[in-house]
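J.: Only the shape, not the letters, is given here:
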């Protein structure tokens, strides 16, 4: 069994440097790699291109990297809920590439799967398709979208094992599985790191082959963005 | 909850007719939809196009449909181990389209995912790529492959629930998940059909939305093609 | 004239037994409250949930179980979680039967604009472009006019498009309309609203049949 | 001269610590028996298994746990099962580090033919075309000549191709060769085999360095 375990975030992020392209799992603040983000803040690497469905909030998630002006370009589908983001974008400090959510997911999955490009109907006839090849299949129009290229992918799972196998929980799964293996180096942080053999091989969401380094995360805040509840009468 | 349960194979296969295109899950004889195949033999529908990684053996799996001359065309990656297949192919009764295994899987997945075409390196420079568009990405050549179109997909799972959710076992998973939802109608047969809520929503391999009809299969033979063992000394 | 709940109530009647439905934020979210009890419907959330249930009881919120609006939710028996590529396989592959979403503008040819106002902060299209480009069955839920009183049903959209020729039906505070080959077709009037009022509030071509019944809510 | 086990033993030395390896049927399958105990390697089977172990004990065969050769197998701790599209995502996405497979012919430009003989029954390419088109690191395991004594290392393949310009290394019963920019490069001789014998058995261009050591098995 090939062991992927490293001691901590510091070891897991060896090799990151300025001007790299990173992928971050998570939807809103759910399922984000909190430990990797904290370590990137500590390292202070800058001029980053970040592929992430969202951009965090002012004081959490990728918002922490924005605060430190570490991000040069965001590739996302939705970037609301972040005043500092808006300020940097409007001032031109931050470049933003907006991509339909399904296309963003599929461009990651294509990178993971060695598919250099695919056709999707999303964005046809809109500014998203500007300058892109289009084609008709069965009377419907499609846009050709290439796979992403990234240096590191930071994903966060619920449980993992020494072999790098990952299991996600609930909707915190989201973009994490499609980014695992979609960059040159995939770093997984988990809430619970187990010995190999502890996970049912039938129930693994992402096999260890897609993960280069895995570590036990710590101090997860798992902040809730919109706390909606029913109240007992 | 939307209930997908039907009483048996007969009900599940309502609507199948001559000259249709079917997908069959399974690799070799592992994970094949035994009940659906038996029902197709009983129905005697013919002139079928079958998309399946393999073509069974003489007296089991798709070999049973070949015996009855129900198949006009096979789309597969590997069709060994079947004398009747060879006879029909050499005599010209049976048309065979050989497709690289990964391309076959991805063409199913593309159909499931609403992607009309994608690029793959497999088969570039070989007769498989004859007449197909090719393109260079990052110095490597790729072939454009379209999604499959099929009328029915027959898949076999280990456990399923009334909502059509599926869990597969071991390597019997193979092509079953990528064919679920890749045809107009997907029929799933399972070894154990459970009430909704009995399966962990976190551990479902194929959500019920991809399955139109589900039934409790019976009399599974689950034949082993190559019984290889270690003998205790 | 309908309020937001009224629009949601009317749209709920378009939801059929056995439908998988994706609801956008805003008025569409309210539709779930009005779906008949005697039909079976499952709600899909594009962040990776099928079979969404109500909000959790206070104290039972789970940060790992949210919907596309980032709200804490629960799931019902038969639910499943999956990754974003499989979620959009459901959407792009037309396994979701009905998409209900809001709009800033709809054009008489079915074009829709709902993600960007030039010069204003752009938050992004999220999953809207995938949804409108993929769904066979799209219903727009919106007010008939904007805050300035201008029609949102136009000959051509003026804002950057979200999708082209994709809207089939529109339910507003004033009317139910279909997108036909020659413009909007007026199907129903909201209670107490006249055809003349609807005509005045619609900038795009409007075909008015001889009979325009009042909505049956 | 090596037998099949000898070829497998020599190839096993190309398997490095931390490699994910896909083994084709025939000689490549034997490689697993000769991998050093002190390195960690995981075997991938394209039907959806990572972390394959030995054959099961008699009576413990499971029809739901097989390899790509349809043989009953077991798995080791850390193993996983997955579907065919994810399996080929591993292969096509170059997550598998080394592919070892057999061949009928290899050309001096790295072309390989191993799936079809015109006029004979064609069983299909299985996963071979995906493997050779994707892998960065492909080793061919084969006899240097065919049963008729003709070289299988050619200037150009005569059989229908499986892949173009993809083979990097070849281990035969006679030699270890590399595919260089100007044809085959002779790296090692099998025990007791002379450079002259290898030259005589190689139809393609063969670059012979001054020193050609005997294999260290």
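T.: Sure thing, it's come through. Model, not experiment: these values are computed from the prediction.

J.: So in chain C, where's the weakest helix or strand by average pLDDT?
T.: Using mean pLDDT, DSSP states H and E, the weakest-scoring helix or strand in chain C turns out to be helix C:27-31, at a mean of 94.

J.: by contact count, what packs against it?
T.: Judged by 3 or more CB pairs under 8 Å, 6 or more residues apart in numbering or on different chains; DSSP states H and E, helix C:27-31 is in contact with helix C:4-12, strand C:19-23, strand C:98-101, strand C:138-141. In short, each C-beta sits where N, CA and C put it, glycine included.

J.: Just give me how far it sits from the chain centre.
T.: 8 Å (CA atoms, centre = their mean, to the nearest Å).

J.: Near residue 61, how many other residues are there?
T.: Looking at chain A here, since you left the chain open. By the criterion of other CB atoms under 10 Å in any protein chain shown, residue A:61 has 27 neighbours.

J.: try again with chain C
T.: The number of residues packed near residue C:61 is 19, by other CB under 10 Å.

J.: How about the one 3 residues further on?
T.: The number of residues packed around residue C:64, counting by other CB under 10 Å, is 19.

J.: do the one 5 residues further on as well
T.: Residue C:69 has 18 neighbours, counted by other CB under 10 Å.

J.: Does it touch residue C:25 like I think?
T.: Yes: here residue C:69 lies in contact with residue C:25, judged by CB atoms under 8 Å, at a distance of 5.0 Å.

J.: Could you report the distance from the residue lying farthest from the centre of chain C to residue A:90?
T.: Ranked by distance from the centre of chain C (CA atoms, centre = their mean), the top residue is residue C:59, with 31.1 Å. Distance, residue C:59 to residue A:90, by CB to CB, to the nearest Å: 40 Å.

J.: for the residue farthest from the centre of chain C, what are its contacts?
T.: residue A:229 (CB atoms under 8 Å, 6 or more residues apart in numbering or on different chains).

J.: So for it, what's the pLDDT?
T.: Looking at residue C:59, its pLDDT is 94.

J.: Look at it and tell me its secondary structure.
T.: With DSSP: H, G, I helix; E, B strand; the rest coil as the basis, residue C:59 sits in coil.

J.: What sits closest to residue C:150 if chain neighbours are left out?
T.: residue C:203 (7.6 Å; CB to CB, 6 or more residues apart in numbering or on different chains).

J.: Kindly report the same for residue C:100.
T.: Among residues not flanking residue C:100 along the chain, residue C:28 sits closest, at 4.2 Å (CB to CB, 6+ apart).

J.: show me what contacts that neighbour?
T.: By CB under 8 Å, 6+ apart, the residues touching residue C:28 are C:8, C:11, C:100, C:101, C:102, C:141.

J.: Closest to chain A out of those?
T.: Proximity of those to chain A, judged by CB to the nearest CB, is greatest for residue C:101, which lies at 13.2 Å.

J.: Report how many residues lie close to the nearest residue to the closest one once chain neighbours are set aside.
T.: Excluding its sequence neighbours, the residue lying closest to residue C:101 (CB to CB, 6+ apart) is residue C:24, at 3.4 Å. For residue C:24, the neighbour count with other CB under 10 Å is 23.

J.: separation between residue C:24 and residue C:152?
T.: Applying CB to CB, the value for residue C:24 to residue C:152 is 15 Å.

J.: And for residue C:208?
T.: Look at residue C:208 and residue C:152: by CB to CB, they are 18 Å apart.

J.: what does chain A put close to chain B?
T.: Within chain A, the residues that sit near chain B (CB under 8 Å from any CB of the partner chain) are A:106, A:110, A:113-121, A:135, A:137-138, A:140, A:142, A:146, A:167-170, A:201-203.

J.: Now, of those, which are buried?
T.: Buried positions within these, assessed by neighbour count (16 or more other CB atoms under 10 Å in any protein chain shown), are A:106, A:110, A:113-121, A:142, A:146, A:167-170, A:201-203.

J.: For the host helix or strand of residue C:170, what is the distance to the chain centroid?
T.: Element membership for residue C:170, per DSSP states H and E: strand C:169-171. Centroid separation for strand C:169-171 versus its chain: 8 Å, with CA atoms, centre = their mean.

J.: Same check on stretch C:5-18?
T.: Chain-centre distance of stretch C:5-18: 10 Å, with CA atoms, centre = their mean.

J.: Just the buried residues of that stretch, please?
T.: Quick answer for stretch C:5-18 (16+ other CB under 10 Å): C:6, C:7, C:8, C:9, C:10, C:11, C:12, C:13, C:14, C:15.

J.: mind listing what the fourth one touches?
T.: For residue C:9, the residues meeting the contact criterion (CB under 8 Å, 6+ apart) are C:2, C:34, C:217.

J.: measure the residue nearest to the last one when sequence neighbours are not counted to chain B for me?
T.: Same thing as residue C:217. Spatial nearest neighbour of residue C:217, excluding adjacent residues (CB to CB, 6+ apart): residue C:9 at 5.5 Å. Distance, residue C:9 to chain B, using CB to the nearest CB, to the nearest Å: 22 Å.

J.: cool, residue C:36 as well?
T.: Residue C:36 sits 14 Å away from chain B, going by CB to the nearest CB.

J.: Now that residue. Its backbone dihedrals?
T.: Per-residue torsions, residue C:36: phi -60, psi 150 (degrees, to the nearest 10).

J.: Kindly state the pLDDT recorded for the closest residue in space to it that isn't next to it in sequence?
T.: Distance criterion CB to CB, 6+ apart; nearest residue to residue C:36, sequence neighbours excluded, is residue C:12 at 7.4 Å. Residue C:12 is assigned a predicted lDDT (pLDDT) of 97.

J.: Now do the same contact list for residue C:12.
T.: C:31, C:33, C:34, C:35, C:36.

J.: If we use 6 Å, what do you get?
T.: Counting by CB atoms under 6 Å, 6 or more residues apart in numbering or on different chains, residue C:12 makes contact with C:31, C:34, C:35.

J.: before we move on, back to that, what's the closest of the buried residues of stretch C:5-18 to residue A:162?
T.: residue C:15 (47.6 Å; CB to CB).

J.: residue contacts, the closest one?
T.: C:35, C:41.
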